[in-house]
Structures are given as structure tokens and as C-alpha cells.
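1. with the input below, show me the fold.
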Amino acid sequence: MDRITALRARRAGIIDQMEALVASVADGEDMTADQAAQFDALKAEDDKVAADLARAEDLERRRAAAARPVQPLPGVTPAAPAPAQAAEKGITFARMIRTIAAAGGNAYVAQQIAEANGDSGLFANQNMGSGVAGGFLVPEDVSAEVIELLRPASVVTAMGPRIVPMPNGNLTTNRRATGATFGYGGEQTDAPATGYTYGQVKLSAKKLRGIIPVSNDLLRSASVSVDRMIRDDAIADAALIQDRHFLRGAGTEFSPRGLRYQHLGSPFEATHVLVMTASPDLQKVTNDLARLELALATHNVVQTNAHWIMSPRTESYLSNLRDGNGNLAFPEMQNGRLRRKPVHVTTEIPENLGASGSETEIMLADPTHIMVGEHMGIEVAMSTEAAYKDASGTMQAAFSRDETLMRMIMQHDIGLRHLPAVAILTGVTWSPSA
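-> Next up is the predicted model:
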């Protein structure tokens, strides 16, 4: 059954790559020779995996048909089988990490340790020799579980953006600039030219890296609780840094350009990057929120589908803001909504911006126009000797602290398919103490 699951996951990945390749070809254009050759190679690989899957499923059916029930002992009533429980997502990833750490980062030795511990299925159907230099590429089906858990932990991916594969690490697709032109006319008169005008959004894989120190005392304990701790630490740390760059990354050759700076150099920089109205009161706050909604609506973005993103200070201010009668101005905030739209709160929206060091920002974004490209899966490497800097910037040595360092790498990028889908209010000084 593990082999069937692996084959299905492999086939799904191949089909995703084929779809991405087709999507990268502009309408009306033909594939290049290289693209056609790549597509044919993927198709041949899919045919082979499909044939292997069909054989494995047929064997599983035959095995089930030939199975014989175990006869109970005389006078013994067999107990009812316990209900099957779904495997907890991400636990297999954590068990792999713990076992590889125990093997000193050697994937082949980790496989032997798993066999010796009676965990022979842990690395079943995985080519342990295919690890990248200095690390181990987590199998697709296992890394997919971790990424699935990471998405709700990250503010940006929790909104539900479009997730697209980048099989070659790059993706170029059309960006809608204007809508079609329609008009009324009489018989035998020319219809207006119809169609969209497009720009382009280009995504290229940016490497997200993180180092997580894990106590060797924990790694020596074969426990589901330890596995959960490893899994949760990896997800929380990765989500934090991902949000930092997906929201406000300036964009370089090696890091994504976040939503805050997607408008940079475009006509929408003037219309969608707004400034808070000075001396805020309830009316001004309400007007500023409406200005963000209007920025989306005037460019045919359905602002009712949008999500608010703000800092904890802003969330606290809006949650406690009251009108002249002492009533809560935005009672929806108690349920995590503002003006009928979801609210996401994150410390990755700084509260020390501006010349005064006391400003923050609010974003309003429609996730249906946000594209997150993902490349590869998760790559991990282990070391018991490397050094790292702790939260205070002090250099620590893993060897002297009896720790194992786990380095996790993912590759992705973010872009906007429709630039007016994000509006930002800058210079926000709203504070509960104001």
C-alpha cells in the first residue's frame, strides 16, 4: 500500500509539471523544441508510472481476494476491530528527521537504523541514494504533508492564494492589465477590438533556509511527542520567515518581492499605496478603511473577497474602538472579521516604521490574484558540529551543547496576476493608548 501511495503521489507531481509547462506557453504560440521535448519526456514518464501503478493496484486486489480470515479459538469471541485512524500529518517527516539525525546525517545509515528499530516502512520505496549534496530531499508525498500544514500557519498562504508548481524553478505567465472592449453597434459596422491587454508576472524560485537546533536528549527518545515537537518547530519557524518576505520583502535576486512592494514602479503605486489621514478619529479611521476597499473596487477587484492583514497593535485598536455612545465601532473584530472580511494578524507587519519609529501598515488583498510558485519539495541536512547564532546573536556550537542542527530548505516565489488586487495604508499610528 505504501508503494501505491508513492506512485500516486509521483504521478500527481508529473501531471502538475505537464500542466505548468502547457500554462507557460502564451495563447496562440507553439511550444519551443525544448518545451515539446520536455513535455514528451514527462508524458513517457507518466505512462511508465501509470503502468507500474496499475500493476501494484492489481496485485493489491488479488492479495485482498485471496486473503483468508483467521479462525478464532474455540470458545473465544473475537474482539471488534478498532476503528482505523488517519495518520497524523507531518509525523512521518519528523520521524525521518529524527532517524536521519541519529544517523549523523547519513541517509543510508538512517535506513539501516529504521530497519533495526522495526520501522522498516519509514523509508520504503524511497531512493536513499538520490539525496542532494550535503542533504536529503524529502520524498514528495512526505514533504507535501508538511507544506500542507505550513500553508495555514503562514498568513499569506492561509488566505488561499493560487499555488502553482514551478518544475524548472521559473514560471512566466500573463498578468491582466485591462479588460475586454465591448460596445453596441449597428449592422455591418465594425465591432470594437475585443480582448485583454496583458503584462507579465515572472516567478523564479527563491531559497528559504532555516536552522533548527534540536536537543540530542530529545532525538534519543523515540516518541510521537518528540516527533510532534520537531514537526511544529519546523513549521512555525518556516511560516514566520516566509511571511516576512511574502508580505514586505524588498525583492532581490535571492529573495521574493512581497505584497508591500509589488506596485513599485507601476501606475498603481500612486493609487494603491495610501497614507493614513492625520489625527485619526472614528470617522477618519472608517474613511481610511473605505479608501482601501475603493482602491480594489474601482479596478474591478471584488473587494468582498479580500482579506485584511495587520499588526497586533492595529488589531487591538480596532477591536476596542468605540463610538460616542460607548458601543464597539467594529464588533465583528471579536470574531476575526472587519467590514465583513477576514482579518489576519501577524508580527511580520512592523510597528516601528516611519521617521518616528511608531508607524505600521494595513494591507487589503484579494488572494485569488496572488500567485505563489513552489519548486521542488523540502531538503533537509543535519549536523552535530556546525555553529549557529541564537536569538540574541550569540554564536553557539552544536557539539558543545549536545545538539543536532536541522537545516531545512524550500524554494518558492510570490507575484500578483492583477496588480490592483492589493492596497496598502501606510503611516498608521492607530494605537489603543492613543
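2. and the residue most central in space within the chain, what does it touch?
-> Nearest residue to the geometric centre of the chain (Cα atoms, centre = their mean): Arg151, 4.3 Å. Residues counted as contacts of Arg151 (Cβ atoms under 8 Å, 6 or more residues apart in numbering) are 157-158, 163. Where C-beta positions appear, they are placed from N, C-alpha and C, glycine not excepted.
3. cool, and Asn352?
-> 358-359.
4. state the distance from it to Arg322.
-> 27 Å (Cβ to Cβ, to the nearest Å).
5. correct me, but Gln242 touches Val156?
-> Yes - using Cβ atoms under 8 Å, Gln242 is in contact with Val156, at 7.2 Å.
6. can you give me the helices in the protein?
-> Taking DSSP state H to define them, one finds helices in the chain at 2-23, 33-66, 91-102, 107-116, 140-153, 155-158, 216-219, 224-248, 268-272, 282-297, 312-320.
7. out of these, flag the one nearest Glu379.
-> Of all these, the one in closest proximity to Glu379, counting by Cβ to Cβ, is helix 140-153 (8.9 Å).
8. low pLDDT regions in the stretch 301-434 of the chain?
-> 434 (pLDDT under 70).
9. try it again at 80.
-> For the stretch 301-434 of the chain, applying pLDDT under 80 flags the ranges 376, 391, 433-434.
10. show me where it has its strands.
-> Using DSSP state E, counting those that start in this stretch, the strands of the stretch 301-434 of the chain run over residues 307-310, 337-338, 341-345, 360-365, 370-383, 387-389, 395-397, 403-416, 422-428.
11. of the ones you listed, which is nearest Asp52?
-> Closest among the strands of the stretch 301-434 of the chain, using Cβ to Cβ: strand 370-383, at 20.5 Å.
12. so how far is that closest one from its chain's centroid?
-> 9 Å (Cα atoms, centre = their mean, to the nearest Å).
13. can I get the CA coordinates of it in CSV?
-> Taking Å, rounded to 0.1, in the frame of the first residue of the first chain, the C-alpha atoms of strand 370-383 are listed here in CSV:
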residue,chain,number,x,y,z
ILE,A,370,-1.9,36.3,-5.7
MET,A,371,0.3,33.6,-7.2
VAL,A,372,2.7,31.5,-5.1
GLY,A,373,5.0,29.4,-7.1
GLU,A,374,6.6,26.3,-5.5
HIS,A,375,9.6,24.5,-6.7
MET,A,376,11.0,21.1,-5.5
GLY,A,377,9.9,20.0,-2.1
ILE,A,378,11.8,20.1,1.2
GLU,A,379,15.5,19.5,1.5
VAL,A,380,17.0,18.8,4.9
ALA,A,381,20.5,18.4,6.2
MET,A,382,21.8,17.5,9.7
SER,A,383,25.0,18.5,11.6
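14. and it with helix 91-102, angle?
-> Between strand 370-383 and helix 91-102, the angle comes out at 30 degrees (axes from the mean of the first three to the mean of the last three Cα atoms, to 10 degrees).
15. shift numbering so it begins at 35
-> Okay, using 35 as the starting number, the last item reads as strand 404-417.
16. what's the angle from strand 404-417 to helix 258-282?
-> Using the same axes, to 10 degrees: strand 404-417 against helix 258-282 is 140 degrees.
17. listing partners with orientation, what would you give for strand 404-417?
-> strand 170-171 (antiparallel), strand 196-199 (parallel), strand 437-450 (antiparallel) (DSSP bridges).
18. of those, flag the one that's most buried.
-> Of all the strands paired with strand 404-417, strand 437-450 has the most neighbours on average by mean count of other Cβ atoms under 10 Å, namely a mean of 22.
19. centre of the chain to it, how far?
-> The answer for strand 437-450 is 11 Å, by Cα atoms, centre = their mean.
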